[in-house]
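Undergrad: With the sequence up front, the predicted model follows.
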Amino acid sequence: MDATHKFVCQDDLANPLASMAIQVSCILVISHFFHILLKALGQPGPIAQILAGLVLGPSGLCNIKEVKNYFLPASAAQYYEMFGFFCRILFMFLFGLEVDIAYIRRNIRVVCTIACGGASIGAIFGLVSSFFLSSHFLEKPSGKAYYVLSMMLFVAYSATPVVNRLAAELKFATSDIGRLAVSSALVTELACLLVFNFMSLCTSGKMVGNAFLILVGLVLVLVAFRYLATWLNKRINNHKYLRNPEVFLILSVLIGASMLIELANFNSIIACFLAGVAFPKEGKTARTLLHKLTYSVHNFVLPVYFGYIGFQFDGAYFGNLTNILIVLILVLLCISSKIGGVLAVCHYLKIPLSEGFFLAFVLNLKGHADLLFIGSAGKQLFDWTPVAYNLLVMTIVISTVISGPMVAILMNKEYQLFAHTRTTVSTELEKPENELRVLGCVYGPRHVNAILSVIATLRGPQTAPIMPYLAHLIELQRKRRTNVSYHELEDNEMSDEDEYGDNDVVEIHRTVDTFTVDTSILINMIKAVSTLSGLYEDVCTAAEDLRTTIILLPFHKHQRIDGKMETGKEAVRTTNQKILRHAPSTVGIIVEKGLAGALGFLQLTRVDNVQHVATLFFGGPDDREAIAWSTRIANHTKINLTVIRFLPRESSNPRNMKVNSEKQGKDDIEVFMALSSLEMGNDIDNSFLNDFYNGYVASGKVGYVEKYTNSGAETVAALRDIGDLYTLFIVGRGGRGHSPLTTQMSDWEECPELGTVGDLLASSDFNVNGSILVVQQHRHTKKDLIDD
């Protein structure tokens, strides 16, 4: 690109840099002001930033001669273009680190169909419009084919940076329709950039050789990144993040490779994105890059970049009626092509009309590479007229300013499309292939192994999709002290603390990294820092924003060496109780118990032994939810699951059968199943268990046992008999009503948050050699809470 060639050759260095620094500061300040005003109207941040650029640009303050001479010096164009180049590098690399490739791979047909639908109609409209506008846009007849292709790309393109930032601002990035929109925009952008690079390739035979060298160099850079990340992950184990020089090394390699690609007259956006996708996601190297880049890119780079798009808007060209008509026609073509194409493919895919309109306006967001199609890169292929560039920039700004608010309006109107609906696992008993989103919470390193073991079992088979998050809940101290100054923290041998969490964070990260290597399950780390009285709000908000189906919590007690349960912080128990009451999804509490030194459930990922797990069923919604969890757990290769149903004795009429377990590698295990008629008990429970029996027990995946008791005392005796047979007990918290099976068991209840049965199993006086997982189904109404 021209700016790369000329950037280091400028004679007037200070004035453009100073003016650009002040311009950036003004954009940030003005955009913040607009954001405060527009946020009350539900409008996203990128729109406020583009409007800030409009106010500061030629249509606003730059109409003043003194301001224009300072902000727009003759030598500033290359600096602004180079700044945009660095912005694109950082954002696309970060987006590559964050993008959910697994989701795109699972839904590749739907994503590509929607992307092709919107882009193909846009390309057709761009083709038709290029012939009518050639007299206004094309300076010379030569290069007309490249001009036509550029117009087709201009109308068809969707800007991933704007879409991604809008999704984060409006919080639809984790919804099904939001993920589909972001993925479709990404596919559209990559396809358009590939076509644009192919156009550059066709300009001369020399470009073919350059392209081959670039591909070889890109492969070498990707391999170097992998080895570099592995090496950096092993250095300085007592640090939770990389040092700044190491981060600078990685970004220098990235920027250097991108500049070489640009010097060869190719676009480097795809290369930066691929570098982020191929970069190893496990370990502190990727964690450091996400930590360092996320804040700076989202709060500085993108606001300035969006502001610069609006800054280029020059309203002086609206003094001509012809120019107004051209811009209006292009804006209408962009919007109508996306609506027509997306609605057509949505009808084919049987996607509702309301979702189709939302996808169309999201895909109509422009910016980013549009400026490349009409900017300096386009000058290598053909010559624009002096007015063409400005009219196309105005089209970009107006299309985005229209589409952004429309997306917000559609979200408010069709709120149910983005609501958190997958709040229980039991509603998807017949769909174990659906992605499961889990939020595990830990207060310290002690709780990590238990939470990760539950996450590993909930995944089931290796091919099952799961999106796990691990939240480190940190108490906000009123007064923090440190023995070293801030500038000395980098050299401190014991800790590299730059935030809350101390050295606990290092241990947690080390455990998570080991878990990722053993299971290939990538854990997304988040942090919640608040007073203990307010931590539950952070957890519930995170579960709502991330749309998780399950929240996992550690128990506030831990087992001592002598087997007794010792109470930890009472505030942790209070937090768990508040989360149970206000959680927007299903909640599970894991109680760590077991024989000292034994390889139990907590060592699931580190041993090859098969773990025997029992699900206890007494009836009610929580027990049904526990059964639903068991359908995923039963598919794990190291789990041998048995469902034990407790029933009143007087209704028993069993038929005992001996069935060989078909669990992998355990043909010698025999499961005694007492099969009785399913006419007793609650009809909902019977129907649910009947479906479960036909799907899992009949096929031999799960063992099934019925136990008959008439009182709480008999139930306790039955539980004592199986206390040392399993390494994990899964049980519902409550919701059973006045069941005779648990009569008088609540008289000695110590921890109501575990329910009657869970509290009994977790008590120090009850001899159980396995951990306990207590499940509470999402409470939809206040009546559900009162019933407990």
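TA: In hand now; what should we look at?

Undergrad: CA only for contacts and neighbour counts going forward, please
TA: Noted.

Undergrad: Low-confidence regions, the stretch 401-550 of the chain specifically.
TA: Under the criterion pLDDT under 70, the flagged ranges of the stretch 401-550 of the chain are 426-433, 478-502.

Undergrad: repeat for the stretch 1-150 of the chain
TA: Within the stretch 1-150 of the chain, the stretches with pLDDT under 70 are 1-19, 40-42, 68-80.

Undergrad: rerun at 50
TA: Low-confidence segments of the stretch 1-150 of the chain (pLDDT under 50): 3, 5, 7-10, 13-14.

Undergrad: Show me where it has its helices.
TA: 2-6, 14-39, 45-56, 65-71, 77-98, 101-106, 108-137, 144-156 (DSSP state H, counting those that start in this stretch).

Undergrad: between those, which one is nearest to Thr715?
TA: Among these, helix 101-106 comes nearest to Thr715, with 45.2 Å by Cα to Cα.

Undergrad: which helices and strands does the closest one pack with?
TA: Judged by 3 or more Cα pairs under 8 Å, 6 or more residues apart in numbering; DSSP states H and E, helix 101-106 is in contact with no other helix or strand.

Undergrad: Which positions within that helix qualify as buried?
TA: Neighbour counts over helix 101-106 (16 or more other Cα atoms under 10 Å) mark Ile104 as buried.

Undergrad: So what's the gap between that helix and the chain middle?
TA: Helix 101-106 sits 12 Å away from the centroid of its parent chain (Cα atoms, centre = their mean, to the nearest Å).

Undergrad: Output that helix in PDB with nothing but the alpha carbons.
TA: Written as PDB, here are the backbone C-alpha positions of helix 101-106 (Å, rounded to 0.1, in the frame of the first residue of the first chain):
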ATOM      1  CA  ILE A 101     -14.500 -21.900  14.600                       C
ATOM      2  CA  ALA A 102     -16.200 -25.000  16.000                       C
ATOM      3  CA  TYR A 103     -19.600 -23.200  15.700                       C
ATOM      4  CA  ILE A 104     -19.000 -22.300  12.100                       C
ATOM      5  CA  ARG A 105     -17.800 -25.800  11.300                       C
ATOM      6  CA  ARG A 106     -21.000 -27.300  12.900                       C
END
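
Undergrad: Need the residues that contact that helix.
TA: Helix 101-106 is contacted by residues 111, 183, 277 when judged by Cα atoms under 8 Å, 6 or more residues apart in numbering.

Undergrad: Also stretch 523-534?
TA: 467-477, 500, 512, 516, 535, 538-539, 571-572, 575.

Undergrad: Let me see the ranges of the strands in this protein.
TA: 436-442, 466-475, 524-530, 550-554, 557-559, 565-567, 586-591, 611-617, 639-648, 655-660, 670-675, 703-709, 728-732, 771-776 (DSSP state E).

Undergrad: what about the first one, distance to the chain center?
TA: Relative to its chain's centre, strand 436-442 lies at 12 Å (Cα atoms, centre = their mean).

Undergrad: Outside of that strand itself, list whatever touches it.
TA: Taking Cα under 8 Å, 6+ apart as the rule, strand 436-442 contacts 448, 451-452, 455, 459, 465-473, 543, 547-554.

Undergrad: got it, and stretch 413-425?
TA: Under the contact criterion Cα under 8 Å, 6+ apart, stretch 413-425 has outside partners 172, 175-178, 354-355, 411, 544, 547-550, 584-586, 625, 628-629, 777-778.

Undergrad: Which members of these are classed as buried?
TA: Taking 16+ other Cα under 10 Å as the criterion, what is buried in those is 172, 175, 177-178, 355, 411, 544, 547-550, 584-586, 625, 628-629, 777-778.

Undergrad: out of the residues you listed, which are inside helices?
TA: 177-178, 355, 411, 544, 625, 628-629 (DSSP state H).

Undergrad: Tell me how many other residues crowd the residue nearest to Val24 when sequence neighbours are not counted.
TA: Residue nearest to Val24 in three dimensions, not counting chain neighbours: Val304, with 6.2 Å by Cα to Cα, 6 or more residues apart in numbering. The tally of other residues near Val304 (other Cα atoms under 10 Å) stands at 29.

Undergrad: Number the chain from 38, please
TA: Sure, I'll start counting at 38 from here, so that last one is Val341.

Undergrad: Verify the stated contact: Val341 with Gln60.
TA: No - applying Cα atoms under 8 Å as the test, Val341 and Gln60 come out as separate, 9.1 Å apart.

Undergrad: Spit out the contact partners of Glu544.
TA: Per Cα under 8 Å, 6+ apart, neighbours of Glu544: Pro482.

Undergrad: repeat for the one 4 residues further on
TA: Thr548 makes contacts with 485-486, as judged by Cα under 8 Å, 6+ apart.

Undergrad: Would you check how far apart the spatially most central residue of the chain and Ile681 are?
TA: Of all residues in the chain, the one closest to the mean position by Cα atoms, centre = their mean is Thr211, 6.1 Å from it. Distance, Thr211 to Ile681, using Cα to Cα, to the nearest Å: 36 Å.

Undergrad: Ok, Tyr183 next?
TA: To Ile681, Tyr183 is 71 Å away according to Cα to Cα.

Undergrad: quick one: contacts of stretch 199-213?
TA: Contacts to stretch 199-213, defined as Cα under 8 Å, 6+ apart, come from residues 81-83, 215-216, 219, 222, 335, 399-400, 402-405, 441, 445, 455-457, 582-584.

Undergrad: What subset of those residues is buried?
TA: Among the contacts of stretch 199-213, those classed as buried by 16+ other Cα under 10 Å are 81-83, 215-216, 219, 222, 399-400, 402-405, 441, 445, 455, 457, 582-584.

Undergrad: Tell me how many other residues crowd Leu286.
TA: Leu286, neighbours per other Cα under 10 Å, totals 12.

Undergrad: check contacts around Ala508.
TA: Ala508 is in contact with 476-479, 562-565, counting by Cα under 8 Å, 6+ apart.

Undergrad: what is it paired to in the beta sheet?
TA: Cys478, Ile563 (DSSP bridges).

Undergrad: wait, doesn't Phe638 sit right on Ser490?
TA: Yes - the criterion here is Cα under 8 Å, and Phe638 meets it with Ser490 at 7.2 Å.

Undergrad: how close does the closest residue to Ser391 other than its chain neighbours sit to Phe395?
TA: With sequence-adjacent residues excluded and distances taken as Cα to Cα, 6+ apart, Ser391 is closest to Glu451, at 7.5 Å. Glu451 is 9 Å from Phe395, where distance means Cα to Cα.

Undergrad: Those two: which is more packed in?
TA: The neighbour comparison of Glu451 against Phe395 (other Cα under 10 Å) goes to Phe395, with 25 against 14.

Undergrad: Would you agree the more buried one is in contact with Asn449?
TA: No - using Cα under 8 Å, Phe395 makes no contact with Asn449, being 11.2 Å away.

Undergrad: if we can go back for a sec, neighbour count: Phe638 and Ser490, which is higher?
TA: Using other Cα under 10 Å as the criterion, Phe638 and Ser490 rank with Phe638 on top: 29 against 17.
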